[in-house]
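A.B. asks: quick one: sequence and predicted model below, then my questions.
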Amino acid sequence: MTGLLLPVWQKLPRKGCRIFRLATTEGERLIGRLIKHDDLAELRASFGLDAKDGALSHQSAIELLLNEARPIRLRDGLTLRAAKVMGRDRVELTGFGECSVPALKALGLVSEIIAWRLRLFVPLGEGCAAIFSRLFEHCPPSAH
C-alpha cells in the first residue's frame, strides 16, 4: 500500500508497521507499507470495499478476535472485541443500545450482567460461524 498513509493509518493492520521507501526504474519515488495477504480481508472491510472475495469471513473474524486480539468495527457503532471474562476467552459486542438488545439476542448473542452492567457475547463453539454470519448480515463490518 503506497501513498498518503497518515489519514488512513487507523484502518491499516497494526502488525508490520514498517514504512518502506523505494524508487521505480522510471524514477518515481514511493512510500508505503507491506500488507500481508492474511490481512487483506480485514483491510478491505475497514475501507468498506464491497467485494465477495475480499469480504471478512466468519473464520477470519474469529481468528482476528481471538488470536490477534484485534477488534472488528461494525456498522452503527458496534464493535466486536476479544475479552477474558472469568478466566475464559470470549467475544464481546460493545456499543449497543438498550433498544437493540432483543434483536441482537435473536441473532444468537447471549447476555450476561457482570458488575451490574449488561454485556453481550457471541457464544464460541459449534454455532459460532452461523451467529457471525447473521450478525454480519445485520451489521456488516464498517468502513470507519
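C.D. replies: That came through, no problem.
A.B. asks: show me where pLDDT drops low in this protein?
C.D. replies: Scanning the chain for pLDDT under 70 picks out 1-7, 45-59, 142-144.
A.B. asks: now for the lengthiest helix in it, which elements pack on it?
C.D. replies: Looking across the chain with DSSP state H, the single longest helix is helix 128-138. When contacts are defined as 3 or more CB pairs under 8 Å, 6 or more residues apart in numbering; DSSP states H and E, helix 128-138 packs onto helix 58-66, strand 117-122. Where C-beta positions appear, they are placed from N, C-alpha and C, glycine not excepted.
A.B. asks: quick check: residue 62 touching residue 132?
C.D. replies: Yes - between residue 62 and residue 132 there is a contact under CB atoms under 8 Å: 7.0 Å.
A.B. asks: which of the two has more neighbours?
C.D. replies: residue 132 (24 against 19; other CB atoms under 10 Å).
A.B. asks: still on that earlier bit, just the CA coordinates for the longest helix of the chain, please, in PDB.
C.D. replies: Presented in PDB, the C-alpha positions along helix 128-138 are these (Å, rounded to 0.1, in the frame of the first residue of the first chain):
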ATOM      1  CA  CYS A 128     -20.300 -19.600  16.300                       C
ATOM      2  CA  ALA A 129     -19.900 -19.300  12.500                       C
ATOM      3  CA  ALA A 130     -23.700 -19.100  12.000                       C
ATOM      4  CA  ILE A 131     -24.000 -16.400  14.600                       C
ATOM      5  CA  PHE A 132     -21.200 -14.400  13.000                       C
ATOM      6  CA  SER A 133     -23.000 -14.800   9.600                       C
ATOM      7  CA  ARG A 134     -26.300 -13.500  11.000                       C
ATOM      8  CA  LEU A 135     -24.500 -10.600  12.800                       C
ATOM      9  CA  PHE A 136     -22.500  -9.600   9.700                       C
ATOM     10  CA  GLU A 137     -25.700  -9.600   7.700                       C
ATOM     11  CA  HIS A 138     -27.500  -7.400  10.200                       C
END
